[in-house]
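Q: okay, predicted coordinates and the sequence, questions at the end:
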Amino acid sequence: MKKNRRDFLKTACRNVVFASFGISIIEACSAEDEDSIINNEKGSSSNEPLVLNLNEGDLTALKTVGGWLNYTSKNILLLRISANEVRVFDNKCPHQGNRDRWSYDGSSFECGYHNNSYSNSCNGALTCYTAKLKGDTLTITF
Ligand code: FES
C-alpha cells in the first residue's frame, strides 16, 4: 500500500512539474504529433511528392490499363487509365469517409458501405491528385 502511494506521488509530482513549465511545451508536442499523423497518412511530408515504383508489390496491378489498387497505407486509390496515365484519388469516400471497401467496374469506383458510385474522372466527387508517370515510376503530388 505504501509503495503504491509513493508511486502515485512520484507520478503526480512529475505532472505538476510539467504543468509549471507552461502550455507552450504541451502545444509544441501537440503540433509535432499532428504533423506526424499527416505525414504517416501519405507516407511523406504533405508538401513532398510520393514516388512509387510500379514494379513493387501490389503496385504491379497498375502496369496494365484498367488495373487499380486501393493503397490503404497511403490512403489513395490508383487507376491505370492508359499507357501514359495513372489517376490517383484520395480513398476517402465522399459519403461518410470510409476508405476500405472499394471496387471498380471499369468506369467508376463503388464504395461497399452504402454502394455509392463515383466517377473515375478528376472532375468527379473523389479528390484527385496530380500524378506523373515516367516509365514505371509514378510521382504523386498532394
Ligand atoms: S461511406 Fe461510402 S457509400 Fe457510404
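A: Good, I have the coordinates.
Q: so what does the residue nearest to residue 128 when sequence neighbours are not counted look like in phi/psi?
A: Setting aside the residues directly before and after it, residue 128 is nearest to residue 122 in space (CB to CB, 6 or more residues apart in numbering), at 3.6 Å. Backbone N, C-alpha and C define where each C-beta goes, glycine included. When read as degrees, to the nearest 10, the backbone of residue 122 gives phi -70, psi 0.
Q: would you tell me which residues of this protein are close to the ligand?
A: The chain has residues 93, 95, 96, 98, 111, 113, 114, 116 near the ligand, with proximity defined as CB under 6 Å from any ligand atom.
Q: now the fifth one. Nearest residue, chain neighbours left out?
A: Nearest residue to residue 111, sequence neighbours excluded (CB to CB, 6+ apart): residue 93, at 4.3 Å.
Q: picking up where we left off before, so which of the residues of the chain next to the ligand are in strands?
A: Where those overlap with strands, as defined by DSSP state E, the overlap consists of 111, 116.
Q: show the pLDDT at residue 129.
A: At residue 129 the predicted local distance difference test score is 98.
Q: so who does the residue nearest to it when sequence neighbours are not counted touch?
A: With sequence-adjacent residues excluded and distances taken as CB to CB, 6+ apart, residue 129 is closest to residue 88, at 4.5 Å. The neighbourhood of residue 88, defined by CB atoms under 8 Å, 6 or more residues apart in numbering, consists of 76, 77, 78, 79, 128, 129, 130, 131, 138, 140.
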